[in-house]
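In: generate coordinates for the sequence data below:
(one chain, ligands or ions: 2)
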Amino acid sequence: MPTGPALTPGLFPRSIKAGTGHVVVGPMQDSSMWLPDRHSDTAQQSAGFHRLFDILSDQGYLLLRGLLSPTKVAAARARITDHLDQSGFLKPGAPKDEAAIDMDRYRSDMLRPGLLERQELAHQEPLLDLFEDPRLYWLFQGLYLAWDSVARSEREGPEQIYPDPKRRRLDLVSEQEPFEDNRAAQRDASPGSDNVNDSDSDDDADEECDDDDDDNGGGERDDDDDADGDGEDNGSCRAPCGPSADISTEPRWGIKTLPFKWLRAVGPDLFTGPHLDRVYLSSRSPRLLTAWIPLGAIAIEMGSLMVVPGSNSSPQFHPLRTNYGASSVGKDGTASGWIASDPNEIEGKTGLPQDTVQWLGADYQPGDVCIIGLDVLHMTSTNTTDRWRISCDTRWFPAGDPSPF
Ligand SMILES: O=C(O)CCC(=O)C(=O)O
Ligand SMILES: [Fe+2]
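Out: Residues are numbered from 1 along each chain as shown. Ligands and ions are numbered 1, 2, ... in the order given. Reported below is the predicted structural model:
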């Protein structure tokens, strides 16, 4: 078992291993109290989503505890642990649900689950049911409506919230959609029905992927920054270019989600290094948001998503956003896109004043989701346990915006 600093799980702030260094992590704030009641009227729902959008714009993240059904998370997790078991990645004799690692095998060979390349697995029913849960569509619809409304009022002065009756789709979501039956609803959705946005941008999912020098399925990092040496499932948000990248996805309620799912089983010593998603995910889709979904309980020590609050908005981080953030990496196979493997090196490498970078994290529970935008500095802590960290990043954008790929 890897060693780390003394741990006091559950208490914040606490010192944890992050990348190749150690940092002190404070607690992320749970914003789920601002989630409106799905059955409340449109004005109440939009007020809740405006509040959530404000927090996201200011802090760069939303921790939404209990957004998704823990039962659905358990079903998705069981599908992955079955797969890991059948592929020989679980410790023999240990309860499957623990996702305990056969450490001898882990240390002696370099075989890894490579879930990023298993898009057909990510698209199996219990997984896709979770990754494209109607609650996520509902959440992103509310956030993007708030975003539109704020942008409009910045352009045109203060306005009533959602005065345009065509935008009052929140009613449709809460009254007409069977929330527990999302896949069936999605299959039945047809252009022109009430559940589907009438945007004319449906061709964007079919656009050709030009990432021809990168066939790694969207996530492995490159060797020059590979602190742990194997680059497996600890990687970046690199553009997908594989068999599933061109599966078209129907817009629903004016929202699209990328069919590529960044499904990960991350082993001991591994992590995703500090980065902004903007460097991976093309600015063609500038309002792209990510929902990071833990498939099970993930304490920080198992390798969970951490953010630097305000790094997306604060003037202090302007140099980071405009220099590093404006670069585009991951296509030429030479740069991993991480700022550093040790988060303590970020200030030195980017010219920020010392101690500017303060991390927040969480011990995630099944059903919790973390939403991040393109410009918030984030990474994952290092997995210091002997279990697989299983999670998925899913990407969302308004159906009228261009697809990032
Ligand atoms: O889960 C991970 O390892 C990386 C997550 C991430 O960087 C993201 O969701 O954008
Ligand atoms: Fe990321």
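In: where does the stretch 301-405 of the chain get nearest to ligand 1, residue-wise?
Out: Taking CB to the nearest ligand atom, ligand 1 has its nearest neighbour within the stretch 301-405 of the chain at residue 393, 3.2 Å off. Any C-beta I mention is one placed from the backbone N, CA and C, and that applies to glycine too.
In: I figured that residue was touching residue 288, is that so?
Out: No. If you go by CB atoms under 8 Å, residue 393 and residue 288 don't touch, sitting 11.3 Å apart.
In: leaving out the residues flanking it, which one is nearest to the residue of the stretch 301-405 of the chain closest to ligand 1?
Out: residue 262 (4.0 Å; CB to CB, 6 or more residues apart in numbering).
In: hmm, residue 390 and the one you found touching each other?
Out: No. Contact criterion CB under 8 Å: residue 262 and residue 390 do not qualify, at 12.0 Å.
In: neighbour count: these two, which is higher?
Out: residue 262 (28 against 25; other CB atoms under 10 Å).
In: ok, how many other residues are close to the residue of the stretch 301-405 of the chain closest to ligand 1?
Out: Neighbours of residue 393 (other CB under 10 Å): 23.
In: can you check residue 73 too?
Out: 24.
In: just checking, it is part of a helix?
Out: Yes. The assignment for residue 73 is a helix, going by DSSP: H, G, I helix; E, B strand; the rest coil.
In: ok, it - contacts?
Out: Counting by CB atoms under 8 Å, 6 or more residues apart in numbering, residue 73 touches 130, 293, 294, 295, 296, 366, 367.
In: if we use 7 Å, what do you get?
Out: 130, 295, 296, 366, 367 (CB atoms under 7 Å, 6 or more residues apart in numbering).
In: can you tell me the SS state at residue 56?
Out: Classified using three-state DSSP, residue 56 is helix.
In: now it, nearest residue through space, not along the chain?
Out: residue 62 (5.2 Å).
In: same question for residue 362.
Out: In space, residue 362 is closest to residue 28, 4.5 Å off (CB to CB, 6+ apart).
In: quick one: name the residues of the stretch 251-400 of the chain near ligand 1.
Out: 264, 266, 272, 277, 290, 292, 305, 378, 380, 391, 393 (CB under 6 Å from any ligand atom).
In: hmm, residue 397 is touching residue 256, no?
Out: Yes. At 5.7 Å, residue 397 counts as touching residue 256 under the criterion of CB atoms under 7 Å.
In: what about residue 104, neighbour count?
Out: Neighbour tally, residue 104, other CB under 10 Å: 9.
In: per-residue pLDDT, the residue of the stretch 251-400 of the chain found nearest ligand 2?
Out: Per CB to the ion, residue 277 is where the stretch 251-400 of the chain lies closest to ligand 2, at 4.5 Å. With respect to pLDDT, residue 277 has a value of 92.
In: burial count for it?
Out: Using other CB under 10 Å: residue 277 sits among 23 other residues.
In: ok, now the one 4 residues further on?
Out: The number of residues packed around residue 281, counting by other CB under 10 Å, is 23.
In: from residue 63, how far out is the residue nearest to residue 362?
Out: 4 Å (CB to CB, to the nearest Å).
In: if we can go back for a sec, and the residue nearest to residue 56, how far from residue 143?
Out: In terms of CB to CB, residue 62 sits 8 Å off from residue 143.
In: okay, and the common contacts of the two?
Out: What both residue 62 and residue 143 touch, as defined by CB under 7 Å, 6+ apart, is the set 52, 56.
In: would you confirm that residue 373 contacts residue 291?
Out: No. Look at residue 373 against residue 291 with CB under 7 Å: they stay out of range, at 11.4 Å.
In: related to what we said a few turns ago, who has more neighbours, residue 397 and residue 256?
Out: Higher neighbour count among residue 397 and residue 256: residue 256, with 27 against 24, using other CB under 10 Å.
In: which residues touch the helix or strand encompassing that one?
Out: Element membership for residue 256 (DSSP states H and E) is strand 255-257. Applying CB under 7 Å, 6+ apart, the contact partners of strand 255-257 are 132, 137, 140, 141, 144, 249, 394, 395, 396, 397, 398, 399.
In: for the first one, which non-adjacent residue is closest in space?
Out: Nearest non-adjacent residue to residue 132, counting by CB to CB, 6+ apart: residue 257, 5.8 Å away.
In: beta partners for the one you found?
Out: In this entry, residue 257 is beta-bridged to residue 396, by DSSP bridges.
In: how about stretch 365-385 against ligand 2, any contact?
Out: No. Counting by CB under 5 Å from the ion, ligand 2 has no neighbours in stretch 365-385; the shortest distance is 5.7 Å.
In: and that stretch, C-alpha only, in CSV?
Out: Presented in CSV, the C-alpha positions along stretch 365-385 are these (Å, rounded to 0.1, in the frame of the first residue of the first chain):
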residue,chain,number,x,y,z
GLN,A,365,-20.6,10.2,-2.0
PRO,A,366,-22.6,8.1,-4.5
GLY,A,367,-25.0,10.6,-6.3
ASP,A,368,-22.7,13.6,-5.8
VAL,A,369,-21.7,15.5,-8.9
CYS,A,370,-19.1,18.3,-9.5
ILE,A,371,-19.7,20.7,-12.3
ILE,A,372,-16.8,22.7,-13.7
GLY,A,373,-16.3,25.1,-16.6
LEU,A,374,-13.4,25.4,-19.0
ASP,A,375,-11.4,28.0,-17.1
VAL,A,376,-11.2,26.7,-13.5
LEU,A,377,-7.8,25.2,-12.5
HIS,A,378,-8.4,21.6,-11.4
MET,A,379,-6.7,18.3,-10.9
THR,A,380,-7.3,15.1,-9.0
SER,A,381,-5.6,14.1,-5.9
THR,A,382,-3.4,11.0,-6.0
ASN,A,383,-4.9,7.6,-5.4
THR,A,384,-3.1,6.4,-2.3
THR,A,385,-5.4,3.5,-1.6
